[in-house]
Structure formats: structure tokens, C-alpha cells
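Enquirer: Have a look; sequence and predicted model below, questions after that.
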Amino acid sequence: MKEIDKLDEGSYAVYKPHDRFFREVFSQEDNARDLLLATLPQDIVDLLDLRNIVVENTSMIDSVGSEQLSDLLIRTKLGGTPAIVYILVEHKSYADRWSVFQLLKYMVRIWERERTRHGTAGTLPTIIPVLFYHGTRKWRMPLDFSSYFQPEEELSSHIPAFRPVMIDLQAMEDRDFRGSAMIQAVLKTLKYSRRNLGAYLVEILRSVVAVPMDEKHRAFLVSLFGYILAVGTDIDEQDVDRA
């Protein structure tokens with residue numbers, strides 16, 4: 001880490017390292033845009049106006065009270081009308097059957113806040129729900145909200161039905177990661193954060209340290225190194241220096 005000042009003593013063991021790293025990187029609008037371009041299905045990307053986006057503070061939604069969750073709310077346009085991409089990030093090491101239920105709860109809170117802000121509006125903004133998962137195993141839980149109910153064809157019209165976009169890093173091959181070198185490094189680091197991160201350390205860092213250094217990139221590297229040292233059980237500072 002010769003190009004980077006040493007982090008403050010104790011900062012490697014940051015509180016909520018997964019949540020903190022995700023927020024530090026994707027609170028930057030350029031990075032959030034790159035994340036959407038790299039992970040959303042192309043047919044959704046084609047519908048959205050991603051030239052002008054706003055990453056919004058989600059503290060009022062109260063979805064960040066757990067070490068096992070992060071979220072990201074990105075305002076954009078859909079055919080000239082307001083739209084929101086809401087990403088719920090599962091930091092659990094396992095797939096939680098109730099994640100889609102949790103996602104719907106936060107979507108309702110967003111709509112409630114929108115009604116408070118824009119009480120005269122006759123419509124609600126479209127929310128594109130995204131579930132982002134980087135546990136140690138592939139996601140095998142149902143994603144359809146209707147799966148929480150006993151199937152009764154006569155009652156199907158009375159049961160809420162939606163399905164989030166699923167980003168399962170364990171189900172993705174590394175070669176299929178899209179986006180800038182920085183975004184690919186973030187996705188790969190999150191994917192291997194709980195196991196074998198040391199085996200991919202050189203590959204991850206090689207892709208990002210060659211980028212010309214400016215304040216933004218320096219801040220990113222500080223966040224990346226801090227996260228790697230906080231979660232990499234098989235990595236210490238000397239390993240990062242050597243890499």
C-alpha cells in the first residue's frame with residue numbers, strides 16, 4: 001500500500017464492514033450508475049434514463065438497523081415519469097426465505113414517504129426492486145412473493161404478486177462481471193468476502209491499482225483495502241502489500 005497512507009489504527013475492524021463498504025462505494029452517483037449498468041437486465045436498462053440519477057439517503061426508511069442488510073435508493077426516470085431503483089443488499093452468508101417479504105415492507109415505506117412528500121400526486125412512482133446477495137451459496141429460495149401463500153387458483157387475484165430482480169454473485173461467473181475495473185473488483189471482492197478471498201487478492205488488486213491516482217480513486221482504494229482487511233480471514237496487511 002505504498003501509494004496509500006496507512007489507515008487509522010483499528011479502522012480495519014470497522015463496524016458493519018459489509019454495510020460500510022457498500023455504502024462508501026455506491027453512495028457515489030457515478031459508481032451507482034455503473035452498478036446498475038453492470039448488473040440490471042438490459043431490457044430494464046433500456047427503459048431507464050440513467051444519465052441523471054440521484055442516490056438518496058435511506059435512513060428514513062429504517063432498513064439499515066441490521067448488520068446483515070444494506071440498501072440503496074436511486075432515483076431516475078422511466079419514460080419521463082419518476083422511477084426508483086431500490087436495492088436491498090443481503091449480507092447474510094445464507095439465503096433467507098423472508099428477504100422478499102422484507103423487500104416489500106421497505107417498498108411500502110418508500111411509497112408512504114412519497115405520498116407525504118407529494119400528497120397531491122395521483123400516482124405512485126414505479127419501484128424496481130432488486131435483491132443483491134453475496135452469501136456463500138447460490139440463492140435457492142423462491143423469489144415470487146406469491147410463494148408465501150398456499151396456492152388457491154380461486155384466490156390468486158387477491159394475493160400480491162411481484163418478483164425482484166435477483167443479483168446473486170455466487171451464481172455468476174467472474175468472467176461475466178460487467179462494468180468498469182472498479183465495479184468488477186467490488187463485485188468480486190464481495191463474492192469472495194467470506195471464503196478464499198486471499199486466492200483472488202492479486203487478481204482483484206491488479207485491476208484497480210494501475211488506474212491513475214486521483215482523490216476519488218484514492219478514497220476507493222482506502223475503502224477497498226479496509227474492507228479486505230476487515231473481512232478477509234486469510235489476509236493480513238503484509239498480504240495486501242505483497243499483492
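Expert: Right, received. Where do you want to start?
Enquirer: Next, residue 55: secondary structure please.
Expert: Three-state call for residue 55 (DSSP: H, G, I helix; E, B strand; the rest coil): strand.
Enquirer: Surely it touches residue 73?
Expert: Yes - in this structure residue 55 lies within contact range of residue 73 using CB atoms under 8 Å: 7.2 Å. Placement of C-beta: from N, CA and C, glycine included.
Enquirer: State the pLDDT value of the residue in the chain sticking out farthest from the centre.
Expert: Most distant from the centre of the chain: residue 154, at 37.5 Å, with distances by CA atoms, centre = their mean. You'll see residue 154 listed with a pLDDT of 90.
Enquirer: what ranges do the strands span in the protein?
Expert: In the chain, the segments counted as strands under DSSP state E are 48-56, 69-78, 81-90, 126-133, 165-168.
Enquirer: Export these as TSV, with columns for distance to residue 110.
Expert: Shown next, in TSV, are those (distance: least, CB to CB, whole Å):
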stretch	distance to residue 110
strand 48-56	10
strand 69-78	7
strand 81-90	6
strand 126-133	6
strand 165-168	16
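Enquirer: Turn the ones you listed into TSV, including mean pLDDT.
Expert: Below are the strands of the chain laid out as TSV (pLDDT from 0 to 100):
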stretch	mean pLDDT
strand 48-56	94
strand 69-78	91
strand 81-90	94
strand 126-133	96
strand 165-168	96
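Enquirer: what's the closest of those to residue 19?
Expert: strand 69-78 (4.5 Å; CB to CB).
Enquirer: I'd like the distance between the residue farthest from the centre of the chain and residue 160.
Expert: Separation of residue 154 from residue 160 (CB to CB, to the nearest Å) stands at 16 Å.
Enquirer: what is the orientation angle of the longest helix seen in the chain with strand 69-78?
Expert: For the chain, the helix with the greatest residue count under DSSP state H is helix 99-117. Computed by axes from the mean of the first three to the mean of the last three CA atoms, to 10 degrees, the angle separating helix 99-117 from strand 69-78 equals 50 degrees.
Enquirer: what does helix 99-117 rub up against?
Expert: With contact meaning CB atoms under 8 Å, 6 or more residues apart in numbering, helix 99-117 is reached by 60-63, 69, 71, 73, 84, 86, 88, 90, 96, 121, 124-125, 127, 129, 131, 133, 141-145, 148, 160, 162-164.
Enquirer: What subset of these is buried?
Expert: Among these, those buried by neighbour count (16 or more other CB atoms under 10 Å) are 61, 63, 69, 71, 73, 84, 86, 88, 90, 96, 125, 127, 129, 131, 133, 143, 145, 164.
Enquirer: what ranges of the protein fall below the confidence cut-off?
Expert: Applying pLDDT under 70 to the chain flags the ranges 1-15, 59-68.
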